Structures are given as C-alpha cells and as structure tokens.
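Colleague: need coordinates for the below:
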Amino acid sequence: MVLEDLRLRERFDLVRQRTEDICSPLTPEDHVVQPVVDVSPPKWHLGHTTWFFETFILIPEMKGYRPFDKNYNFLFNSYYESVGARVIRTNRGNITRPTVKEILNYRQYVNEHIATFLDSHDEISKSLADLFELGLQHEQQHQELLCYDIKYILGNNPIFPVYINNPLPESDAPSGADWLHVEGGMYEMGYNGEGFCFDNELGVHKIYLHDYGIMDRLVTNGEYLGFISDKGYQDFRHWLSDGWEWVNSNKITAPAYWYYLDGGWHEYSLNGGLKPLDLNAPVTHVSLYEADAFAKWKGLRLSTEFEWEVACRRHSGVNESSNFMEAENFQPVARKGNYDQMYGDVWEWTNSAYLPYPFYKAPEGAVGEYNGKFMINQMVLKGGSCATPKDHIRATYRNFFHPHLRWMFSGIRLAKNQ
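Modeller: Sure, this is the predicted structure:
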C-alpha cells in the first residue's frame with residue numbers, strides 16, 4: 001500500500017470508531033426511539049453510515065463480496081433514489097429489528113472487509129480514494145446529527161437523563177459587543193483550496209457587497225432572555241409571517257431545551273443534564289424565525305452567508321487550503337467559548353436561501369443526490385458548532401436547514417448596514 005492508502009486506513013478506523021464512541025453512553029432503548037420525524041434513531045445512523053461503504057465501495061469494487069444482509073439496503077438507504085426502495089424517514093423508529101448488537105456486528109463485518117480490500121491493493125485510483133473520503137466525511141456529518149438526535153431523545157425525556165457528566169466552568173461574561181467592519185466591494189466566494197470540500201461549496205464566483213458590520217461574538221442566553229422578558233414571542237411586529245404562524249401554532253415561548261422550573265430558567269445539556277441557564281453562554285437551539293425576530297427586536301439583522309464568509313476570511317486568519325481545526329480529540333459536547341472571532345459553539349443562521357452557486361454542477365451517479373436536490377426551501381448556516389467534527393469547520397462550509405428547525409446547535413450573530 002502507498003502512504004496515502006495507509007493514511008486512509010487510519011482515518012477510516014478513527015472515524016468509524018468515533019461514531020460508536022458517541023453512542024457508547026446510550027442504553028439499547030435509547031438507540032431505537034424516533035420522537036419526531038427530524039430525529040433518526042441512533043441505531044439507524046450506525047447502520048446507514050455502514051451501508052454507505054458497503055453499497056458504494058464493497059459491492060461494486062470488491063470481487064466476491066457478499067452483503068451482510070440483503071434487507072439492509074432497504075432499511076438503511078436514506079434518500080438515494082438511484083439505489084432503490086427504502087424505509088421512509090418517518091418509519092425509521094419502527095425498525096426494532098435488527099437489534100443494536102446485530103448492527104454493531106454489521107459494522108464490524110464491513111470494517112473488516114474494507115481493511116481486507118485496502119490491504120489487497122497496492123494503490124487505489126483517485127476516483128475511488130475520493131469516494132472513500134466522501135464516505136468518511138458523510139459519516140462525520142452523521143456524528144454531528146447523532147449529537148442532535150441524542151440530545152432530542154434525552155432532552156425530551158421527562159426525567160432528563162444525563163448523557164455524560166464532565167463538569168465545566170461557567171462561561172465568562174462577554175464584553176460589550178464590538179463590530180467587525182467590512183468595506184464594500186467585489187469579493188470571491190466559494191471553496192478554492194486543495195483539500196476536501198462538499199460539492200455545494202463549489203462554483204467560485206464574485207459577488208458585490210456594500211459596507212456592513214458584523215458582531216464579533218454570538219448573542220448570549222442573557223441577551224435573548226431580554227427578548228423573552230419584553231414579550232417578544234407575543235409581539236407580531238418582530239416576526240415573519242411564516243414565523244408568526246409557527247410560533248402560535250406550536251405555542252413557542254423560548255428556545256428548545258429551555259424549561260422554567262422552580263422560579264427560574266433551566267436548560268437541558270448533553271453535558272450534565274438539566275442545569276440552571278448559563279446566561280453568558282451563546283443562545284442555541286433557535287429557529288431562523290426566532291433569530292430573525294430577535295434581530296428585528298434589536299433593530300438589527302442577520303448577515304447573508306456571503307457577508308459572513310467574507311468577514312470570516314478577513315478577521316479569523318483562516319487559510320482555506322487547510323482546515324481550521326484538526327480532527328483529533330473531537331469532543332461533541334465539551335467545548336466552551338469561542339475558538340475564534342467567527343467560529344463559535346453554534347451554527348449561525350444567515351439570511352441566505354440555500355441555492356446552488358453559479359457554475360455548480362452535481363456529480364454524476366448516486367453521489368450527485370448528496371446535496372444538489374435539497375437546494376430549495378432551506379436556509380444557510382455558517383461557522384460550525386460544538387458538535388461539528390473539527391476538520392469540517394471552514395469558512396466555505398454551507399450547512400442548511402428548514403427555517404422552523406432548531407434541534408441542531410443553531411444560534412445568532414447580528415449584522416448591520418454601515
């Protein structure tokens with residue numbers, strides 16, 4: 001094997017183990033439930049990320065490979081129409097069988113065959129190496145989704161089970177908000193580095209921006225509490241029409257995982273369970289509707305994804321040819337505080353629709369279904385979160401969700417015109 005393939009084998013082992021490490025504090029019962037459509041059972045993530053390697057690498061590339069179970073293509077295909085029929089997303093919680101143990105056996109089976117496959121090749125083609133890399137990046141995305149889903153499963157359990165208990169100090173009180181100023185002009189957008197990126201980051205193009213300012217830190221829980229105290233959730237003037245309908249239909253009065261108990265606000269955290277609200281920590285688990293309403297209440301606005309990206313490049317010193325943080329020592333719930341002016345603990349809502357960049361072209365084949373077909377009815381988030389694998393955090397990364405969702409680690413950074 002060539003050196004690059006050895007590194008691939010090491011990365012494969014590391015990424016695959018990390019997924020199981022995230023699930024290790026769970027009981028078998030925790031692995032199965034699907035409380036809402038947006039949450040997939042942890043057991044399904046374990047199976048789906050394994051199905052990717054079996055379906056796209058082992059079956060077409062390894063001579064004589066025998067699939068672990070012929071039913072798993074139906075059970076663990078997510079949305080790949082070109083690969084065949086699948087269990088619809090709303091029914092993933094009905095998959096009580098196979099058991100967690102059987103799925104872990106499936107993972108071991110596929111891992112062993114991938115190791116044999118790599119050991120038997122002196123060198124693999126660039127196209128196959130790229131597919132391996134996409135599979136690893138895909139699994140890392142599911143590691144983040146696992147954190148979202150585990151938090152929803154445990155944080156909506158009436159006894160608020162603790163996922164891990166790693167005591168951390170309270171967040172430092174933030175300084176008064178300073179503004180990062182960016183002068184207007186033509187700027188180049190999109191990924192232009194040498195490492196991996198997703199296809200939705202491609203299509204380098206120019207865009208004109210007017211002068212603007214963007215806050216040098218995230219909005220805190222204490223600041224958001226002022227919006228609640230001022231009856232922001234009851235004042236239609238702050239809300240988009242769809243947001244106002246969402247607030248009233250769902251009786252929303254606070255961010256997700258906030259609970260008013262014994263005369264004070266508490267928040268459920270994966271680290272430590274239910275605790276008094278940390279007023280200095282960044283507000284998180286807010287929808288685009290809430291972020292936009294808070295900004296209007298402050299007389300400000302959200303940035304566009306282009307404003308965010310330009311400010312990040314100018315004020316963070318991030319070099320797009322290398323990722324901001326290394327992948328090692330990923331701790332999905334233990335990070336506190338900002339690593340950088342433009343990278344915080346939460347994904348930051350922007351006021352940009354998730355659309356293809358100019359010159360975007362979806363890849364051929366099944367992997368072409370990865371991003372492009374979702375470029376409608378969603379909004380872009382930037383910056384990474386405490387659950388994001390560290391080597392995914394870069395200025396051009398485009399996360400995207402529907403505006404009403406908030407089970408992910410989503411927060412607010414304000415902007416203003418100059």
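Colleague: all contacts plus neighbour counts: C-alpha atoms, from now on.
Modeller: Noted.
Colleague: wait, Pro174 sits on Pro282?
Modeller: No - contact criterion C-alpha atoms under 8 Å: Pro174 and Pro282 do not qualify, at 9.7 Å.
Colleague: would you mind telling me which of the two has the busier surroundings?
Modeller: Higher neighbour count among Pro174 and Pro282: Pro282, with 27 against 15, using other C-alpha atoms under 10 Å.
Colleague: what's the pLDDT at the more buried one?
Modeller: For Pro282, the pLDDT comes out at 93.
Colleague: for the residue lying closest to it once chain neighbours are set aside, give me its contacts.
Modeller: Beyond its immediate neighbours in the sequence, the residue positioned closest to Pro282 (C-alpha to C-alpha, 6 or more residues apart in numbering) is Thr220, lying 4.1 Å away. The contact partners of Thr220, taken as C-alpha atoms under 8 Å, 6 or more residues apart in numbering, are 279-283.
Colleague: looking at these, spot the one nearest Gly195.
Modeller: Closest approach to Gly195 among the contacts of Thr220 (C-alpha to C-alpha): Pro282, at 30.4 Å.
Colleague: check contacts around the closest one.
Modeller: Pro282 is in contact with 218-221, 345-346, 411, counting by C-alpha under 8 Å, 6+ apart.
Colleague: could these be laid out in CSV, adding distance to Glu183 and pLDDT?
Modeller: Converted to CSV, the contacts of Pro282 look like this (distance: C-alpha to C-alpha, whole Å; pLDDT from 0 to 100):
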residue, distance to Glu183, pLDDT
Leu218, 21, 93
Val219, 23, 95
Thr220, 27, 94
Asn221, 30, 96
Asp345, 27, 84
Val346, 26, 93
Gly411, 25, 97
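Colleague: flag every buried residue along the helix or strand of the chain with the lowest mean pLDDT.
Modeller: Per-element confidence for the chain was summarised using mean pLDDT, DSSP states H and E. The lowest value among helices and strands belongs to helix 3-23, with a mean of 86. Residues of helix 3-23 classed as buried by neighbour count (16 or more other C-alpha atoms under 10 Å): 5, 8-9, 12, 15-16, 18-19, 22-23.
Colleague: please enumerate the strands of the stretch 301-418 of the chain.
Modeller: In the stretch 301-418 of the chain, the strands defined using DSSP state E, counting those that start in this stretch lie at 301-302, 347-353, 379-382, 399-401, 410-411, 414-417.
Colleague: wait, Leu405 sits on Tyr289?
Modeller: No - taking contacts as C-alpha under 8 Å, Leu405 lies outside contact range of Tyr289: 9.1 Å.
Colleague: more neighbours: which of those two?
Modeller: Remark: of Leu405 and Tyr289, Tyr289 carries more neighbours, 23 against 16, as counted by other C-alpha under 10 Å.
Colleague: from what I can see the more buried one touches Arg406, true?
Modeller: No - the pair formed by Tyr289 and Arg406 falls short of the contact definition of C-alpha under 8 Å, at 9.9 Å.
Colleague: hang on, Tyr268 in a strand?
Modeller: Yes - assignment of Tyr268 by DSSP: H, G, I helix; E, B strand; the rest coil places it within a strand.
Colleague: which one of the buried residues of helix 3-23 is nearest Val182?
Modeller: Taking C-alpha to C-alpha as the measure, Val182 sits nearest to Val15 out of the buried residues of helix 3-23, at 37.9 Å.
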